[in-house]
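# coordinates only, sequence not included:
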């Protein structure tokens, strides 16, 4: 089983316009309201990958091999609070998502995706999260410990995104440490101090985007050399995504590069999360070696490309 963790729940409003005029009234009947945030997007794609494997749904991107075999069940862990919590949980239920949560006494943030078809632009409007209430971190860690101790079936922990205000710097590294002590596989899509402090516990794979990685480690030159040194030092594999540009990856021995096939994108929101889900799913029943690592990256690319074709974030096919 997978446990996907994100400490910044979001309700995502996606609006699609034939054209957009700033300073004017713009109306559209094409819109979606979804539970979102990086962790929810990851769990939604993992849930759909399980359906895809069971139903043999044909891949829309035939040029990229589908390496996913048998996909375990998936659960999302976060905090929730405020008047929008019932809506968030209802939206998750509609998508068939398994959610565990700790009370935060804080409102869930809204974020907005504005798609302008006239120039194919995608604009993100992001609300900063409200601070969590005192005691939330302790409740969240208790829930985390309960989950990984209660179920021996959890094999992979995926931690994504930034955390809401009010959490300590220790919360994410603590979860990484506890999960590694239990022998679980760790995939991190985080940045900054959360990433730096988690590396000491030797996560299996880290997957920030290229810009986040450069900012986290203040890299100005010799990117490849630094990536190899970091992978060797912390015994992890590294994947640096860069939108539609080339992916750079590394193990302790060498650098790998992967081209992204051209894709007609409708909405790029959630593509990185779809990549993470595909990667995790492809590695779920495999030892991580050069062959399985490369195959998992291709599965991540496939899932990211499929996600880009839909207005709803964090999907690889439409349930409608």
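That came through fine. All of these numbers come straight from a predicted model, not from anything done at the bench.
# OK, contacts around the nearest residue to residue 238 once chain neighbours are set aside?
Excluding its sequence neighbours, the residue lying closest to residue 238 (CB to CB, 6 or more residues apart in numbering) is residue 250, at 4.8 Å. For glycine as for every other residue, the C-beta is placed from the backbone atoms N, C-alpha and C. Contact analysis of residue 250 by CB atoms under 8 Å, 6 or more residues apart in numbering lists 224, 227, 228, 231, 237, 238, 256.
# for residue 77, same thing?
Per CB under 8 Å, 6+ apart, neighbours of residue 77: 3, 4, 5, 39, 99, 100, 101, 140, 143, 144, 147.
# Residue 116 now?
Contacts of residue 116 by CB under 8 Å, 6+ apart are 17, 19, 20, 122, 123.
# now with 7 Å?
17, 19, 20 (CB atoms under 7 Å, 6 or more residues apart in numbering).
# Save these as a markdown table, and put in neighbour count too.
A markdown table is the format used below for the contacts of residue 116 (neighbours: other CB atoms under 10 Å):
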| residue | neighbour count |
| --- | --- |
| 17 | 16 |
| 19 | 9 |
| 20 | 18 |
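# Can you tell me which of those is nearest residue 155?
residue 17 (42.8 Å; CB to CB).
# pLDDT below threshold where in the protein?
56-72, 151, 320 (pLDDT under 70).
# Can you show me the helices along the stretch 101-250 of the chain?
Secondary structure of the stretch 101-250 of the chain by DSSP state H, counting those that start in this stretch: the helices cover 136-150, 171-181, 192-198, 210-217, 223-234.
# Out of the contacts of residue 250, which end up buried?
Buried members of the contacts of residue 250, scored by 16 or more other CB atoms under 10 Å, are 227, 228, 231, 237, 238, 256.
# which one of those residues is nearest residue 54?
residue 237 (28.5 Å).
# For that closest one, give the beta-bridge partners.
Under DSSP bridges, the beta-bridge partners of residue 237 are residue 205.
# got the contact list for residue 215?
Taking CB under 7 Å, 6+ apart, one finds nothing in contact with residue 215.
# Please read the previous query as pertaining to residue 207.
For residue 207, the contacting residues are 187, 188, 189, 239, 241, 276, by CB under 7 Å, 6+ apart.
# Just give the closest residue to residue 290, not the sequence neighbours.
For residue 290, the spatially nearest residue (CB to CB, 6+ apart) is residue 251, at 6.8 Å.
# count of neighbours near the one you found?
Using other CB atoms under 10 Å, residue 251 has 20 other residues around it.
# That one against residue 237, yeah?
Yes. When contacts are counted by CB atoms under 7 Å, residue 251 is listed as touching residue 237 (5.1 Å).
# I am finished for the moment; much appreciated.
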